[in-house]
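# sequence first, predicted model second:
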Amino acid sequence: MFEIHYYFTPILDALETFDENDWHLCPVLTLVTAKALRDRLELPRNVENLNACYDRLQKISVDFLTVNLHGRKYGRQFLLKLQEKLAEPGILAYNDLLRHQILQEIGLRTSDFIIYRDFGKQELALVSQNFHKDNFKQSPAGLIMTDTEYLQLNKCDHHHLQNYLKNIEKTA
């Protein structure tokens, strides 16, 4: 059995449904990721747009980690619904109303969500510390741990990581 810590940037790194092994999804929030998002959306290169992208990434990351406290199943559903709803209008359309709609669709109440919001903020700080402590420079990245081994993969999307894990399991 593997334990995988997958560092990713919400919206920039698209995810699919996957439930094999023990995946811990860890959103990464840095100024570099906000710049990459701003450039991907082809927004004017100014401080206002950079701040807007950073702000939305932070809200999405905290919201994901807060939902994730209810269980990883809910966290994954939240991310998939979020990707679906923001595909057309873009990340700057993310607000409390959209979050409320997604929470309803996955079966959570906003009142239950708000209770854990401070824990979500603390978790985001912890994820960021772990990302830098493990000397990662870019996302997506993965950390695979077993009882005896530890493998670190930089700039590796989840498709490649899944294929790698499937190959390992076949040969084991």
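That came through, no problem.
# in this protein, which residue is closest to the centre?
Pro27 (3.5 Å; C-alpha atoms, centre = their mean).
# quick check: longest helix of this structure.
Selection of the longest helix in the chain by residue count, based on DSSP state H, yields helix 47-68.
# residues making contact with that helix?
Helix 47-68 has contacts (C-beta atoms under 8 Å, 6 or more residues apart in numbering) with 9-11, 25, 27, 29, 31, 33-35, 37-38, 41, 43, 74-75, 78-79, 82, 91-92, 94, 99, 103, 106, 108, 113, 116-117, 119-121, 123-124, 127. In this view, the C-beta of every residue, glycine as well, is placed from N, C-alpha and C.
# any buried residues in that helix, and which?
49-50, 52-54, 56-68 (16 or more other C-beta atoms under 10 Å).
# now do whatever helix or strand comes next after that helix: everything it contacts.
Later in the chain than helix 47-68, the nearest helix or strand by DSSP states H and E is helix 72-86. For helix 72-86, the surrounding residues in contact (C-beta under 8 Å, 6+ apart) are 10-11, 14-17, 19, 23-25, 60, 63-65, 67-68, 93-94, 98, 101-103, 105-108.
# and helix 72-86, what's its mean pLDDT?
Averaged over helix 72-86, pLDDT sits at 88.
# now do that helix against helix 47-68, angle only.
Helix 72-86 runs at 150 degrees relative to helix 47-68, counting by axes from the mean of the first three to the mean of the last three C-alpha atoms, to 10 degrees.
# next secondary structure after helix 72-86?
Later in the chain than helix 72-86, the nearest helix or strand by DSSP H and E is helix 96-106.
# now do the SS call for Trp23.
On the three-state scheme (DSSP: H, G, I helix; E, B strand; the rest coil), Trp23 is labelled strand.
# surely Trp23 touches Phe8?
No: using C-beta atoms under 8 Å, Trp23 is not in contact with Phe8; the gap is 10.6 Å.
# just give me the neighbour total for Lys121.
Using other C-beta atoms under 10 Å, Lys121 has 15 other residues around it.
# low-confidence ranges in the chain?
Applying pLDDT under 70 to the chain flags the ranges 1-3, 17-22, 136-172.
# neighbours around Glu88, how many?
Number of residues near Glu88 (other C-beta under 10 Å) recorded here: 7.
# how close does it get to Ile4?
Using C-beta to C-beta, to the nearest Å, one obtains 31 Å as the distance from Glu88 to Ile4.
# ok, Leu43 next?
33 Å.
# over to Ala36?
From Ala36 over to Ile4 (counting by C-beta to C-beta), the distance is 23 Å.
# tell me which of those two has more neighbours.
Using other C-beta under 10 Å as the criterion, Ala36 and Ile4 rank with Ile4 on top: 20 against 17.
# right, I'll leave it there.
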